[in-house]
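**Student:** Give the three-dimensional model of this entry:
(one chain, ligands or ions: 3)
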Amino acid sequence: MEESQHRIESHINALSAFTSTPEKGVTRLTYSKEDLQARNYIKEKMKEYGLTVSEDGLGNIFGKLEGSLKGGPSVLIGSHFDSVPNGGAYDGTAGVVAGLEVAALFSENHLKPKYPLEVIAMVEEEGSRFGGGLMGSRGIIGSLSADDFKNLKDKDGISTEEAMSKIGLDSSLAKERKPNTIKAFLEMHIEQGPILEEKNIPIGVVEAIVGLAQLEVTIEGRAGHAGTTPMDRRSDALVAAAKIIAQLPDLAIDEGEGAVITTGRLEVFPNGANVIPDKVVFSVDIRSGKEENVRNMIQKTIELIQSHSENGIRTSVEELLFIQPKELNTDIRSLLKQESSRLEIPYCSINSGAGHDAMIFSDVTNVGMIFVPSKEGLSHCPEEWSDARHLAEGVQILFEAAKHLTEVE
Ligand code: GLV
Ligand code: MN
Ligand code: MN
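**Tutor:** Ligands and ions are numbered 1, 2, ... in the order given. Okay, here's the model as predicted:
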């Protein structure tokens with residue numbers, strides 16, 4: 001396991017260097033220069049481990065080890081390689097690296113699977129460039145249509161297709177994949193919360209993933225001079241937005257049952273110190289383990305926003321994403337627990353408060369997911385850190401599960 005741990009550490013270190021914010025965490029936006037650098041590294045390693053590399057029309061990367069059963073469905077293993085702005089070196093990347101390492105172990109042990117093993121590295125799970133999130137996996141299963149994909153633009157108005165062609169990717173390649181080409185999907189991820197570290201347990205077997213919604217709210221008012229416009233003649237979009245945002249936490253608290261709500265992105269126009277803002281666009285991220293709670297909060301958020309449409313303020317809300325809570329496959333959960341026990345690696349069951357590509361794949365195939373501890377529960381920040389020993393233990397479990405699911409001969 002030492003060699004495996006060493007390889008994992010070196011992949012994490014290498015990939016963390018592909019950031020547009022050196023010294024300030026990992027910022028690797030989809031189809032950016034850093035995406036291309038990470039992409040080239042991942043493809044190189046896939047080839048080194050004997051995989052046949054391809055990309056799809058969304059920019060997702062696949063490394064395939066053929067199975068003896070011609071045309072058999074693949075066991076996919078991987079995660080995403082984009083990041084949030086000023087994020088950490090592990091979110092997503094740890095799961096891609098786990099996939100690479102499982103392939104390295106297959107290669108080292110000269111294993112011949114019956115069903116293909118495919119390492120997958122996905123784009124835009126975070127939605128940091130094109131909004132919404134989970135874009136790579138939604139495109140694969142077809143819940144994001146080719147037209148919807150084409151129409152997505154970043155904050156500078158650059159479309160997905162333009163951005164892809166800038167780094168030499170071909171958006172005309174196939175995007176959607178038939179469900180009958182996938183036998184199972186496995187993902188390792190850092191926990192991004194404090195539970196495993198507090199319990200001193202290296203592995204969490206994920207039972208369920210929260211439901212989530214992403215809204216984009218636009219508040220429009222009227223611009224004017226900050227010095228000459230009397231206070232009673234203003235339609236200040238930022239003041240209206242601030243009043244709304246300040247009331248959002250109470251919606252989640254009133255909902256209870258662990259529901260959460262967050263505004264993490266806010267853009268002010270024209271963004272001048274002495275200009276009354278005429279437009280504000282902000283995000284609202286809503287999550288709960290129960291679909292009913294998510295739906296209630298969406299409704300209450302919309303009502304709250306509409307109640308501020310007065311005195312020259314206009315409001316609108318767009319739902320960018322809605323995903324129901326997902327329970328993961330019981331057979332794969334049992335398999336992961338059984339392999340952890342056999343390897344004498346302690347584990348516990350856990351639920352995920354973060355969204356993951358795994359929840360998208362669970363609509364079309366059997367999905368299993370494991371977590372490893374996050375130091376101080378921190379994630380989506382430069383301090384994000386997980387112990388490579390835990391990552392290597394997670395890989396051992398995935399390796400055994402992948403051998404089982406691909407029916408190694
Ligand atoms: C991804 O990190 C998410 O949970 O939004
Ligand atoms: Mn994330
Ligand atoms: Mn992630």
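**Student:** CA only for contacts and neighbour counts going forward, please
**Tutor:** Will do.
**Student:** what residues are up against Val372?
**Tutor:** 188-191, 196, 202-204, 386, 390-391, 394 (C-alpha atoms under 8 Å, 6 or more residues apart in numbering).
**Student:** Kindly report the same for Ala174.
**Tutor:** 56-57.
**Student:** how close does it sit to ligand 3?
**Tutor:** Distance of Ala174 to ligand 3, given as C-alpha to the ion, to the nearest Å: 24 Å.
**Student:** where does that residue land in three-state SS?
**Tutor:** Secondary structure state of Ala174, per DSSP: H, G, I helix; E, B strand; the rest coil, is coil.
**Student:** Is Ser159 in contact with Asp148, as I believe?
**Tutor:** No. Ser159 is not in contact with Asp148 according to C-alpha atoms under 8 Å; the separation is 11.0 Å.
**Student:** Have a look at the two and say which one is more surrounded.
**Tutor:** Ser159 (16 against 10; other C-alpha atoms under 10 Å).
**Student:** Skipping adjacent residues, who's closest to the more buried one in space?
**Tutor:** Lys153 (4.2 Å; C-alpha to C-alpha, 6 or more residues apart in numbering).
**Student:** Quick check: the one you found vs Gly168, distance?
**Tutor:** Distance of Lys153 to Gly168, given as C-alpha to C-alpha, to the nearest Å: 18 Å.
**Student:** Among those two, which residue is more densely surrounded?
**Tutor:** Lys153 (17 against 12).
**Student:** Just give me the neighbour total for Thr52.
**Tutor:** With other C-alpha under 10 Å as criterion, Thr52 counts 16.
**Student:** re the thing from before, mind checking which of the contacts of Val372 land in helices?
**Tutor:** 196, 390-391, 394 (DSSP state H).
**Student:** what about the strands in the stretch 51-200 of the chain?
**Tutor:** Remark: strands assigned in the stretch 51-200 of the chain by DSSP state E, counting those that start in this stretch are 52-55, 61-65, 74-80, 117-122, 182-190.
**Student:** who touches the residue nearest to Ser159 in this structure?
**Tutor:** 130, 159-160.
**Student:** What parts of this protein come near ligand 1?
**Tutor:** Counting by C-alpha under 6 Å from any ligand atom, the chain comes close to ligand 1 at 126, 354-355.
**Student:** Would you mind confirming that Lys150 makes contact with Thr160?
**Tutor:** Yes. Using C-alpha under 8 Å, Lys150 makes contact with Thr160 at a distance of 6.1 Å.
**Student:** For these two, indicate the residue with more neighbours.
**Tutor:** Thr160 (22 against 15).
**Student:** Relative to ligand 3, which residue of the stretch 201-350 of the chain is the closest?
**Tutor:** Ile209 (12.3 Å; C-alpha to the ion).
**Student:** Okay, and the beta partners of that residue?
**Tutor:** Lys326, Ser352 (DSSP bridges).
**Student:** all helices of this structure, in order?
**Tutor:** 2-16, 33-48, 93-108, 135-141, 146-151, 160-166, 195-199, 237-255, 291-306, 330-342, 357-361, 388-405.
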